[in-house]
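Undergrad: Build me a model:
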Amino acid sequence: MKSGSNINIKSILKLRSTYLLVSHGSRDPRPQLALENLGQLLSHNLADSFPAVATATLELGPAPLHEQICSFGDRTLSLGLTELQILPVFLLPGVHVAEDIPAEVEIAQKTFGDKLKIELRPHLGCQTAGLTNLVKSQMQEVAFLPNLRSPKWILLSHGSRRPGGNSTVEEIASKLGAQTAYWSVKPSLSEQIDSLVRGGQQQIGIVPYFLFNGGITDAIAKNVAQLKQQFPAAELHLANPLGASVELADLIGDLIQK
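TA: Coordinates of the predicted model:
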């Protein structure tokens, strides 16, 4: 192939693929709606290379994940394509990413045999550089609030009990000069705020390292409201979660290049 050609080997391979965004799943409809919006952004922005993008959930979906994969696999074959790529939309490399999703993919692959290649891509949380920039944007939105001067930041993640499961959160926080707190493991948000207040910090920004609004972010907002009462001398400012955006869709698109 000539070097001046507009078509390269990677683009030819992509034209054989469909793409399935896999999230955790929730009883709250907001995360699923946001995931679908993210899929539309991915499909729209990269239309030439993405003939089909769909979404699925590991839990609380209409069927087990392997059945959702098989359904989309049938659609893939009906389009005349021979590859399906699974894109885990997870921020942490916990048990779902390391064990549950691979097991479901294996079941689906056995169903299709050689007719369809199902490839599991790296999870979204691997994109630490891009995610750091997105978190920084969240912080900047809060930084424009009136009378807010040099706040100390806390990056609040769900947290993982797996060894090394929180390393990417620690890496992002370190790059941003923030402390870490976790919703499900220690140190908790209240512990970190207490430590900062004892150290004389009066303005504290809290960045929820979560993809979309939902039940957990509602609980975080309620917790922050309670902490404002507990620490009246401190000003607590809560940022938004990442949200479905062109930038986040671009990070997912980059995963396919890896």
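Undergrad: got a list of contacts for stretch 180-194?
TA: 154-161, 166, 169-170, 173, 179, 204, 206, 216, 220, 223-224, 227, 230-231, 234, 236 (Cβ atoms under 8 Å, 6 or more residues apart in numbering). All C-beta atoms are positioned from the backbone trio N, CA, C, and that covers glycine.
Undergrad: Can you give me the end-to-end span of it?
TA: End-to-end distance of stretch 180-194: 13 Å, with Cα to Cα, to the nearest Å as the criterion.
Undergrad: again with stretch 96-115
TA: 27 Å.
Undergrad: which residues touch the closest residue to N166 other than its chain neighbours?
TA: Leaving out its chain neighbours, the residue that sits closest to N166 by Cβ to Cβ, 6 or more residues apart in numbering is S160, at 5.6 Å. Residues near S160 by Cβ under 8 Å, 6+ apart: 92-94, 166, 184-185.
Undergrad: Of those, keep whichever come out buried.
TA: 92-94, 166 (16 or more other Cβ atoms under 10 Å).
Undergrad: could the residues you listed go into JSON lines alongside pLDDT, secondary structure and distance to F210?
TA: Formatted as JSON lines, those follow (pLDDT from 0 to 100; DSSP: H, G, I helix; E, B strand; the rest coil; distance: Cβ to Cβ, whole Å):
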{"residue": "L92", "pLDDT": "96", "secondary structure": "coil", "distance to F210": "10"}
{"residue": "P93", "pLDDT": "93", "secondary structure": "coil", "distance to F210": "16"}
{"residue": "G94", "pLDDT": "91", "secondary structure": "coil", "distance to F210": "14"}
{"residue": "N166", "pLDDT": "96", "secondary structure": "coil", "distance to F210": "14"}
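Undergrad: Among the residues you listed, find me the one that's closest to P31.
TA: L92 (15.4 Å; Cβ to Cβ).
Undergrad: Was I right to think the closest one contacts I172?
TA: No: counting by Cβ atoms under 8 Å, I172 is not a contact partner of L92; they are 11.4 Å apart.
Undergrad: Give me the below-cutoff pLDDT ranges for the stretch 1-150 of the chain.
TA: 1-16, 45-51, 143-149 (pLDDT under 70).
Undergrad: So which residues of it form helices?
TA: For the stretch 1-150 of the chain, helices defined by DSSP state H, counting those that start in this stretch occupy the ranges 9-14, 29-45, 65-78, 95, 101-112, 128-143.
Undergrad: Just send the ones you listed back as a markdown table, with distance to R198 too.
TA: Formatted as a markdown table, those follow (distance: least, Cβ to Cβ, whole Å):
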| stretch | distance to R198 |
| --- | --- |
| helix 9-14 | 53 |
| helix 29-45 | 36 |
| helix 65-78 | 45 |
| helix 95 | 35 |
| helix 101-112 | 41 |
| helix 128-143 | 23 |
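Undergrad: Noted, bye for now.
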